[in-house]
Structures are given as structure tokens and as C-alpha cells.
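> no FASTA, just this:
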């Protein structure tokens, strides 16, 4: 009906599925352009879907907790100023139109082939959408009760059946008598698990690490932060210095700023640095665009801003797409001694930062004598795809990073 407009899950980068977490507008309520209508969870983040124009929410077709494909309908809206009577009439006409369409579909037809025939529970011929959803979610249509006109199985019926199956507690032999609380995995956790498993299956992972003395970084940072403090600004983190040096190495060694396939290696011509952020809902990796063009203070501001928006679930989809290399910093969470990690596909390498430690180090003096002093050190772990890169290249990468941080940090 032209009076009513469909509300659909918006397209957003590489996102394919979304869960409707909450409705923010009641049925029959008016809303303004730019107002949030509902909130969805994707495999990357939580996001609010805003209205493009003024209007009235006529009907919700998805319940909170329902999963939908990108582009699928979740409701209907009416023009701004529409009366309750006018909306009710339009919805009644819509339902009648749907019932007529279903009746036509249920009209006698020549015998169908076994691949097209539907069981008695389906209420008639299955739509292509129903077949596709059933295949994707591994739902047995013979066990699904249709709620559409004439008992027809709808896409919503398939998704509800898939959700019910997913919410069921798994049966683990030998644990039948052990008390358990079953918590359904979020869309983000499912996506993290799927991506990491794919990474391990499809990459030849290897990790190398190297001890780096951060004394020069601490000296440069102390001078910079003294100036910033006089201006009432927050101190710059050590992570920002490491990130800037890392970007310089990626420009020097483009094979690490790349994607590997069986037939080609794609060398990305921009350094878009992904920075892993630990959030209550799960790990996300927002992206700093053209990070190699930024100074230490700019990188620090970008990291702080992205991390805060990640924890507040305010990241936009384009802030989670297109990273060419990832920097992970588990050392910020505790005294981690090694930061070996799984690659973030389709990247060929990742740098993990463990905790910064002050430890005794043997230092050679100007006349060749050796002394033991306490220095701030870190042992970054470079995880790489051995299909694309060799061990010698990885060692060279770490040597370059060590040289920049130990000798040129003050000039960063």
C-alpha cells in the first residue's frame, strides 16, 4: 500500500545478519526525522536505526530478540500526521491484500515435483525466501507450524524455529547431573568465534617476538606530556608511540600491510590501522584511517575516541571496516607476558603488545664495559601468515620496529 512504507534492516558494510534488540518507538507513536526507531545488534556492534523522515510507526513485524537478514522488513510506518483511523484502514487493506495473495498461491496447481512440493504442515507451496532461510539455518520445515494465511510457513516462522533450536541447552554426555546455566551467545560472540576459527583453518599461523627497550619512548613521552599538562591536556599513551612506529614499519615493509589469496597478494596502498578494544559485549576492532599520516598526538586522540565509542556502543559501521593491519594491546588489561594472537582476516599479520615491564637489562657502556640497569621493556609478538611471509621477513619487521622505538622515538 502506498500509504504505508516498509521499515527494513539497513545495509551496513559487510554485515549480513542483525538481531533486533529493542524498539525505541511504540506502535501508533509519531517520530521525527533523525529519531532512533529501533536498536539492532550485528556481528560488529550495537547501532540505532534512525528515521529518514517524520512519520508514525504503524506496525512492528519483528519482536525484540528476533534475528533478521539485512534488507528484511521489521515493520511498517505511515506519513507524519496520519490519523489512527487511517492507519488502521491501511493495515486492514494490507492484511487483506496479503491474504488474497496467499489464496492465489494456494489455488489448485498441476502436481509439483518432489523438490517443490510442500508437506501438509506448510499450508501450501513454500516461498523461495522460506526455502533459503530453512537451508541457511538448518531448519526442518516438516517440524515448523505455519502461522501465515491458510497455515502457510513464513520467513518469521523459520527464524523463530531457528532461534528456538539455538536457545536449547546443548546435551553433553557425562554432564547430565551437573547444574548449569545456559546463556545464548550474542551475535558478536558468534561472529568472533566464526572468524577466529576460519583464521586458524585458513592460515599458517606463526608468531615471533623480540624484546624492545622503551627508555627513549619514555623520555620523549615525558617531555611531550609536560607540555600537554601545561595546556591542561591528557597525557599521551605509550601505545600511541608504538602505533606510530608500527605504521612507519608498514610503509617500509608493505608485504605486511597486505591480503594473501591462493593466486594473488594484495598490497594495500593505505595504512588503515585496526586497534583491538575489549568491551563487555566482546572484542571489536575499530579502524584509524590513514594512520601512517598521523602524529603521535593525533593517533592517541584517535585511539581514545574510538575506544570510548566502542565501549559506549556508538561506533558506526564504517569505523569497523577496512583495517589493513591490527594492533592488539592485552598488556593494558594486566601483566600479560606474551601477546600471541590469532590473525584478523583478511590481514596477513598482527602485532600484540604484552604488559610493559621494568626489568634488569645488561647495557654496554661507551668503553665496552657491561652494567646491569633497570629499564622499561616490552616484548611485542608478531603473528603472521606463513603462507604469505617467511620467518626472515618477520624478524626484519621486528628489528625495524625495535630500531625506531629505541633510537628514533624522540624524533617521532
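Everything's here; your move. As the structure is a prediction and not an experimental result, all values here were calculated from the model.
> how about residue 271, what does it touch?
Residues near residue 271 by Cβ atoms under 8 Å, 6 or more residues apart in numbering: 247, 250-251, 257, 290-292, 324-325. In short, each C-beta sits where N, CA and C put it, glycine included.
> Now the buried members of those.
Using 16 or more other Cβ atoms under 10 Å as the burial test, the contacts of residue 271 include 247, 250, 257, 291-292, 324-325 as buried.
> Turn those residues into TSV, including pLDDT and secondary structure.
Shown next, in TSV, are the buried ones among the contacts of residue 271 (pLDDT from 0 to 100; DSSP: H, G, I helix; E, B strand; the rest coil):
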residue	pLDDT	secondary structure
247	98	helix
250	98	helix
257	97	coil
291	97	helix
292	96	helix
324	97	coil
325	98	strand
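> Throw the residues you listed into a markdown table and include distance to residue 225, thanks.
Formatted as a markdown table, those follow (distance: Cβ to Cβ, whole Å):
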| residue | distance to residue 225 |
| --- | --- |
| 247 | 21 |
| 250 | 26 |
| 257 | 30 |
| 291 | 21 |
| 292 | 23 |
| 324 | 30 |
| 325 | 27 |
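> which of those lies closest to residue 405?
Set against residue 405, the nearest of the buried ones among the contacts of residue 271 by Cβ to Cβ is residue 247 (12.4 Å).
> distance of that closest one from residue 310?
The gap separating residue 247 from residue 310 is 20 Å, by Cβ to Cβ, to the nearest Å.
> now do residue 10
Distance, residue 10 to residue 310, by Cβ to Cβ: 20 Å.
> between those two, which one's more packed in?
residue 310 (23 against 15; other Cβ atoms under 10 Å).
> Leaving out chain neighbours, which residue sits closest to the more buried one?
residue 277 (4.3 Å; Cβ to Cβ, 6 or more residues apart in numbering).
> Same check on residue 79?
With Cβ to Cβ, 6+ apart, the residue lying closest to residue 79 is residue 55, at 6.1 Å.
> give me the element the nearest residue to residue 84 once chain neighbours are set aside is part of.
With Cβ to Cβ, 6+ apart as the criterion, residue 84 has its nearest non-adjacent residue at 6.4 Å, and that residue is residue 28. Assigned by DSSP states H and E, residue 28 falls within no helix or strand.
> doesn't residue 57 make contact with residue 28?
Yes - assessed by Cβ atoms under 8 Å, residue 28 is found in contact with residue 57 at 6.9 Å.
> So which of those two has more stuff around it?
Set residue 28 next to residue 57 and count neighbours by other Cβ under 10 Å: residue 57 wins out with 23 against 14.
> Distance of that one relative to residue 315?
26 Å.
> repeat for residue 52
21 Å.
> ok, those two, which is more surrounded?
Neighbours were counted for residue 52 and for residue 315 using other Cβ under 10 Å; residue 315 has more, 23 against 12.
> measure the more buried one to residue 307 for me?
Counting by Cβ to Cβ, the gap from residue 315 to residue 307 is 10 Å.
> Please apply the same query to residue 179.
For residue 179, the distance to residue 307 - Cβ to Cβ - is 37 Å.
> Then residue 267?
29 Å.
> can you give me the helices in this protein?
84-105, 128-137, 155-167, 187-202, 215-230, 238-252, 296-311, 391-407 (DSSP state H).
> Deepest in the core, which of those helices is it.
helix 238-252 (a mean of 22; mean count of other Cβ atoms under 10 Å).
> helices or strands next to that helix in the packing?
Using 3 or more Cβ pairs under 8 Å, 6 or more residues apart in numbering; DSSP states H and E, the elements in contact with helix 238-252 are helix 215-230, strand 273-275, helix 296-311, strand 325-328, helix 391-407.
> Out of those, flag the one nearest residue 161.
Among the helices and strands packed on helix 238-252, helix 296-311 sits nearest to residue 161 (Cβ to Cβ), with 33.6 Å.
> what about the closest one, distance to the chain center?
17 Å (Cα atoms, centre = their mean, to the nearest Å).
> which residues sit against it?
Identification of contacts with helix 296-311 by Cβ under 8 Å, 6+ apart yields 45, 224, 228, 234, 236-237, 239-241, 243-244, 275, 277, 279-280, 284, 286-288, 291, 294, 315, 319, 412.
> okay, the angle between it and helix 238-252?
With axes from the mean of the first three to the mean of the last three Cα atoms, to 10 degrees as the basis, helix 296-311 and helix 238-252 are set at 110 degrees to each other.
> what about helix 296-311, average pLDDT?
Here helix 296-311 scores 95 as its mean pLDDT.
> swap in stretch 71-79?
On average, stretch 71-79 scores 92.
> which residues sit against it?
For stretch 71-79, using Cβ under 8 Å, 6+ apart, the contacting residues are 3-9, 11, 20, 38, 51, 55-62, 66, 68, 86-87, 90-91, 94, 155.
> Derive a ChimeraX selection command for the buried subset of the residues you listed.
In ChimeraX, a selection of the buried entries from the contacts of stretch 71-79 looks like this (16+ other Cβ under 10 Å):
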select :3,4,5,7,9,20,38,51,55,56,57,58,59,60,62,66,68,87,90,91,94,155
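> Narrow the contacts of stretch 71-79 to those in strands?
Of these, the ones assigned to strands by DSSP state E are 5-8, 20, 38, 55-60, 68.
> now those residues in CSV, with pLDDT and distance to residue 261?
Listed next are the ones in strands among the contacts of stretch 71-79 as CSV, based on pLDDT from 0 to 100; distance: Cβ to Cβ, whole Å:
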residue, pLDDT, distance to residue 261
5, 91, 42
6, 91, 38
7, 92, 38
8, 91, 33
20, 88, 35
38, 92, 38
55, 93, 45
56, 94, 49
57, 94, 45
58, 92, 47
59, 89, 46
60, 89, 43
68, 86, 31
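> which two of these lie the greatest distance from each other?
Distance extremes for the ones in strands among the contacts of stretch 71-79: the farthest pair is 56 and 68 at 21.7 Å, using Cβ to Cβ.
> what about residue 280, how many residues close to it?
By other Cβ under 10 Å, the residues close to residue 280 number 6.
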